[in-house]
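Novice: starting from these lines, generate the structure:
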Amino acid sequence: MLESSPIVRRVGSKSAISGSSEERFLFEEEFNHMKGVNINLPTGAAIMPSPVFLWRFKVLLFFMWGFCCCKISWDSVMRMSVDLRDLFLYEAFLYYNPLLLTTLMVWLWGVNLWVFSQSSVNYAKIFDLAQSHLTHREIWKCATWMTIVVPTSMTAYLYLYSHGEVSLAASQPVILYAIVLMLLIFPFDIFYLSSRYYLLRTVWRIMLPLQAITFSDFFLADIMTSMSKVFSDLERSACRMVNRQVATIAWFEADSICGSHSVAIPVVLVFPYLCRFFQCLRQYKDTKEKTCLLNALKYSTAIPVIGISALKYHVLPENWFGFYRPLWLISAFINSFYSFYWDIKRDWDLSILSRIFLFKNPGFLTSLLYGRVWVLYWVLGSNLILRCTWTYKLSAHLRHNYITVFTITALEIVRRFQWIFFRVENEWNKMTQRQTSLELSSEMPKEEDRLLGSAASHNV
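Specialist: As a prediction, this is how the structure comes out:
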C-alpha cells in the first residue's frame, strides 16, 4: 500500500517521502494512524492561557506589588523620629520625584499617541518619524517598567535607611540613575536604539540651534520648559551623588555646593527657556517673520521670574519684601498671561479645538469630547490657571515646599499633555492646507512655487 502511494518512492532499499509539504503531512498522519498512534499537534495552543486571563493576572500582580511598596515605605518612615522624618522625605523626594514625573510624562505621551492613531492626524509625518517609530503600546510598555522600577528603588532606599543600612540606602538612587543613563546612551541595537538616537539627536539640536529648526525641535523644547523643575532636581541629585552627600546631613547647609542657595538652581531652571529663546531667533534669521521675535519675547519673560526669585537668598529681607518681591510678582504676571495669550492665539486653532477627538471608529470618547462646548471652556480655564501656578515651580525661593512643588509640577505636565493635542492638531491642519494649496497651484510659475515653499516652514 505504501509503495503504491504517489508520495513514496524507492531509493535503494529504503522508502523516501517526496512531494509537497502538505502531502508529506497527510502521509505522516495516515502512517501514524496505521501504527495505532494518536497525535494531536495543536495541544500546545490548547494549554496556553487566554490573553484576557494573562492581562488580569498582570494587573493583580501590579496591585499586589503596589500594596507591598506602600506598606514597606509607610512602616519605614514611621520608624524614624519626628524631627528627621520631614528632612528625610525631602531628600527622598529630591532623588525620585524627577523620575516619577518623567514616568508620568511618558504615560501621558502614550495617551497622546493613542488619540492621534485613532484620529486622522498623521503624527509620524508631522514629526518626520521613521516607519519603525514607537507606537503608543511600546511607549506604555516603557512607562510600565518605569512605574515598577522607580518606586521599587525608592522603597528599598526608605527601608534600608530606616533599618540602619545607610551605605546600602545611599547606593539605591545612584544605581538607578546609572541604569537610566546607560539605557539612554547604550550604543547597541537593543531597547529601541533608533528611537533613543532620535531623542538624543533632537536634544542636541535644541541645545545647539545652529541649523534650521524643525517641528520636532521646538516641540520637544516646549515640553522641556514644562519640565524645568525636573531638570533642576536632577542637577541637585547628581551634585549630591558626585559629592557623596546621599543619605547624609551635609546637604542641609544651604550655602554648600549642593545646598538650596546654589546658583546652579536658577541656571538649570532657565536653561530650557534660553534654548527656546535662541530657537526663535534662529527661526527669525531663516524666515524674517516678526512673529518669531514676539515668540522669543515670550520666553524671555521667564528669565526675570527665575532670576529675581534666586536673589532672595542674596539680599536683605527688607529689600526683598520692599522691592524685589513686588517686582517678582509683576514678572510672574506678565509671563503667565503672555504665555496664555500665545497658546490661544498662535499655538491653537480655537475654531477646530476638539476635532482631534473625531475618531475613525467613533465611540464613547468621541461622543463625550467631540464638538462639546465644555471642552473649550475646560481647556481655556485650566490652561489659564496652570499657567499662573507654574511660576511657583520656577521660583527657587519656594522650593522647600516640596510636596506643593511636586503637585504643581505634575499639574504642569498634565497641562502640557492637553496642550499637545491641540498644538499637533493645529500643525496637521496647516500641513494639509499647504498640501491642498500646492496641489491647486501645481501649474503656477516657478517663482511663485518658490515663495509658497518658503512660506511652508513651521511657525514656532
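
Novice: only C-alpha atoms from now on, for both contacts and neighbour counts.
Specialist: Fine.

Novice: so for stretch 424-439, what's the average pLDDT?
Specialist: Regarding stretch 424-439, the rounded mean pLDDT is 80.

Novice: how about that stretch: buried residues?
Specialist: By neighbour count on 16 or more other CA atoms under 10 Å, the buried set for stretch 424-439 is Val424, Glu425, Asn426, Glu427, Trp428, Met431, Arg434, Leu438.

Novice: among the residues you listed, which are located in helices?
Specialist: Using DSSP state H, the members of these that fall in helices are Val424, Glu425, Asn426, Glu427, Trp428, Met431, Arg434, Leu438.

Novice: from Leu365, how far out is the second one?
Specialist: Pointing back at Glu425 there. 17 Å (CA to CA, to the nearest Å).

Novice: where does the stretch 151-300 of the chain dip in pLDDT?
Specialist: 249-255 (pLDDT under 70).

Novice: now the helices for it?
Specialist: Under the criterion DSSP state H, counting those that start in this stretch, the stretch 151-300 of the chain contains helices at 166-185, 193-207, 215-226, 228-242, 264-287, 290-300.

Novice: and those as CSV, adding mean neighbour count?
Specialist: Below are the helices of the stretch 151-300 of the chain laid out as CSV (neighbours: other CA atoms under 10 Å):
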stretch, mean neighbour count
helix 166-185, 15
helix 193-207, 17
helix 215-226, 20
helix 228-242, 21
helix 264-287, 21
helix 290-300, 18
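
Novice: so which of these gets nearest Asn319?
Specialist: helix 264-287 (19.8 Å; CA to CA).

Novice: ok and that closest one relative to helix 228-242, angle-wise?
Specialist: 130 degrees (axes from the mean of the first three to the mean of the last three CA atoms, to 10 degrees).

Novice: so where do the strands sit in the chain?
Specialist: 8-11, 14-17 (DSSP state E).

Novice: circling back to that earlier point, for the buried residues of stretch 424-439, which one is nearest Tyr370?
Specialist: Glu425 (13.5 Å).

Novice: any idea how far Leu365 is from the residue lying closest to Val246 once chain neighbours are set aside?
Specialist: What sits nearest to Val246 in space, not counting adjacent residues and going by CA to CA, 6 or more residues apart in numbering, is Ala170, at 5.3 Å. Distance of Ala170 to Leu365, computed by CA to CA: 46 Å.

Novice: Pro98 is nearest to which of the helices of the stretch 151-300 of the chain?
Specialist: Of the helices of the stretch 151-300 of the chain, nearest to Pro98 by CA to CA is helix 228-242, at 4.8 Å.

Novice: other SSEs contacting that closest one?
Specialist: helix 82-118, helix 264-287 (3 or more CA pairs under 8 Å, 6 or more residues apart in numbering; DSSP states H and E).

Novice: what pLDDT does the closest residue to Ile223 other than its chain neighbours get?
Specialist: Nearest-residue entry for Ile223: Arg416, 6.9 Å, with adjacent residues in sequence omitted and distances by CA to CA, 6+ apart. As predicted, Arg416 sits at a pLDDT of 92.

Novice: from what I see, Arg416 and Ser226 are in contact.
Specialist: Yes - using CA atoms under 8 Å, Arg416 is in contact with Ser226, at 7.0 Å.

Novice: shaky segments in the stretch 301-450 of the chain?
Specialist: 350-354, 391-400, 439, 441-450.

Novice: helices along that one, start to end?
Specialist: 302-310, 317-319, 325-342, 364-369, 373-393, 402-440, 446-455.

Novice: quick revisit: the helices of the stretch 151-300 of the chain: which one's closest to Phe63?
Specialist: Using CA to CA, the helices of the stretch 151-300 of the chain put helix 166-185 closest to Phe63, at 22.3 Å.

Novice: just how off-centre is stretch 408-420 within its chain?
Specialist: 11 Å (CA atoms, centre = their mean, to the nearest Å).

Novice: please apply the same query to stretch 136-156.
Specialist: Computed by CA atoms, centre = their mean, the chain-centroid distance of stretch 136-156 equals 12 Å.

Novice: could I get the CA-only coordinates of it as CSV?
Specialist: Output in CSV follows, covering the C-alpha atoms of stretch 136-156 (Å, rounded to 0.1, in the frame of the first residue of the first chain):
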residue,chain,number,x,y,z
HIS,A,136,1.6,54.0,21.9
ARG,A,137,1.7,50.4,23.1
GLU,A,138,5.5,50.4,23.2
ILE,A,139,5.5,53.8,25.0
TRP,A,140,3.2,52.4,27.6
LYS,A,141,5.4,49.3,27.9
CYS,A,142,8.3,51.6,28.7
ALA,A,143,6.2,53.6,31.2
THR,A,144,5.1,50.4,32.9
TRP,A,145,8.7,49.3,33.6
MET,A,146,9.5,52.8,34.8
THR,A,147,6.4,52.7,37.1
ILE,A,148,7.8,49.4,38.6
VAL,A,149,11.5,50.2,38.8
VAL,A,150,11.4,53.7,40.2
PRO,A,151,9.1,53.1,43.2
THR,A,152,10.8,49.8,43.9
SER,A,153,14.2,51.6,44.2
MET,A,154,12.5,54.3,46.4
THR,A,155,11.1,51.7,48.7
ALA,A,156,14.4,50.0,49.0
